[in-house]
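Undergrad: using only what follows, build the 3D model:
(2 chains)
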Amino acid sequence: DPKIIQKPKYLVAVTGSEKILICEQYLGHNAMYWYRQSAKKPLEFMFSYSYQKLMDNQTASSRFQPQSSKKNHLDLQITALKPDDSATYFCASSQDLTGNYAEQFFGPGTRLTVL
Amino acid sequence: GDSVTQTEGLVTLTEGLPVMLNCTYQSTYSPFLFWYVQHLNEAPKLLLKSFTDNKRPEHQGFHATLHKSSSSFHLQKSSAQLSDSALYYCALDNNRIFFGDGTQLVVKP
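TA: Numbering: from 1, shown residues only, chains lettered A, B, ... in the order given. Have a look, this model is predicted:
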């Protein structure tokens, strides 16, 4: 059974629209993350959450908003989509935010294409 | 600030030859270091991580030694296999995770 679920696997959107990427983890982890991967930047850290609280935000644009309704959920809302947002978005989790238990477990990713 | 540097963007070598992927880091404290591997169309996954007691981590024939004096955590393998072809990321944990830019390893027959 998959331990980290991301929905959808593929997503096509039009410029200017809004989408929500879903992430659920069943590893019992306390920390969750979002990363973006594109040809321009191989793996780019976006956000980290610990116990449903935002701990770090390295995303310059406010168009990206993480949402945590439950401890094991961390969705990513993207508004006013642009073609440059096209990338694979990975959700990840770890036992703790830092230290020896900060090993990241990645979900399968959502491949977003903005036309 | 903290950072990770992977000097090679692409490493191409012949099956059976030794592998060494470079990773150096900059950190204000003593961080944990990780290597992640990402095969084509898959998610990154942990390959190995440094230990607090300075043991050398090994996995799938790969090993890495944390050298604090030179701030390095190079990834090595004695004999490359075709299945080792993948993207390798070095990462540092010091209150948050810092990933390097990755090294694409291509192993040819």
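Undergrad: all strands for chain A, in order.
TA: Assigned by DSSP state E, the strands in chain A fall at A:4-7, A:10-13, A:19-25, A:31-37, A:44-50, A:53-57, A:64-67, A:75-78, A:87-94, A:105-106, A:110-114.
Undergrad: next, the contact list for the nearest residue to B:Asn95 once chain neighbours are set aside, please.
TA: Counting by CB to CB, 6 or more residues apart in numbering or on different chains, A:Thr98 is the residue found nearest to B:Asn95 once chain neighbours are left out, at 5.1 Å. Using the backbone N, CA and C atoms, a C-beta is placed for each residue, glycine as well. Counting by CB atoms under 8 Å, 6 or more residues apart in numbering or on different chains, A:Thr98 touches B:Asp93, B:Asn94, B:Asn95, B:Arg96.
Undergrad: count the neighbours of the third one for me.
TA: Applying other CB atoms under 10 Å in any protein chain shown, we find 15 other residues in the vicinity of B:Asn95.
Undergrad: likewise A:Leu11?
TA: Residues near A:Leu11, counting by other CB under 10 Å, number 18.
Undergrad: which residues does the residue most central in space within chain A bridge with?
TA: Among the residues of chain A, the one closest to the centroid is A:Trp34, at 3.0 Å (CA atoms, centre = their mean). Under DSSP bridges, the beta-bridge partners of A:Trp34 are A:Phe47, A:Cys91.
Undergrad: among the contacts of A:Thr98, show me the least confident.
TA: Of all those, B:Asn95 carries the smallest pLDDT score, 72.
Undergrad: quick one: that one and A:Ala102, what's the gap?
TA: According to CB to CB, to the nearest Å, B:Asn95 and A:Ala102 sit 9 Å apart.
Undergrad: spell out which residues of chain A are next to chain B.
TA: Residues of chain A lying near chain B by CB under 8 Å from any CB of the partner chain: A:33, A:41-43, A:45, A:48, A:55-56, A:90, A:97-100, A:102-109.
Undergrad: burial of A:Ala13, as a residue count?
TA: A:Ala13: 18 neighbours (other CB under 10 Å).
Undergrad: surely it meets A:Thr79?
TA: No - look at A:Ala13 against A:Thr79 with CB atoms under 8 Å: they stay out of range, at 10.9 Å.
Undergrad: if we can go back for a sec, give me the buried subset of the residues of chain A next to chain B.
TA: With neighbours counted using 16 or more other CB atoms under 10 Å in any protein chain shown, the residues of chain A next to chain B contain these buried positions: A:33, A:42-43, A:45, A:48, A:55-56, A:90, A:97-98, A:102-109.
Undergrad: separation between A:Ile22 and chain B?
TA: As judged by CB to the nearest CB, to the nearest Å, A:Ile22 and chain B stand 16 Å apart.
Undergrad: now that residue: closest residue in space that isn't a chain neighbour?
TA: Counting by CB to CB, 6+ apart, the residue nearest A:Ile22 is A:Lys7, at 4.1 Å.
Undergrad: quick check: pLDDT value at the one you found.
TA: pLDDT recorded at A:Lys7 is 97.
Undergrad: residues contacting it?
TA: Each residue near A:Lys7 by CB under 8 Å, 6+ apart is listed here: A:Leu21, A:Ile22, A:Thr110.
Undergrad: residue contacts, the last one?
TA: With contact set as CB under 8 Å, 6+ apart, A:Thr110 has these partners: A:Gln6, A:Lys7, A:Pro8, A:Lys9, A:Tyr10, A:Leu11, A:Leu21, A:Thr88, A:Tyr89.
Undergrad: please verify my assumption that A:His29 contacts A:Ser94.
TA: Yes - counting by CB under 8 Å, A:His29 touches A:Ser94, with 5.7 Å between them.
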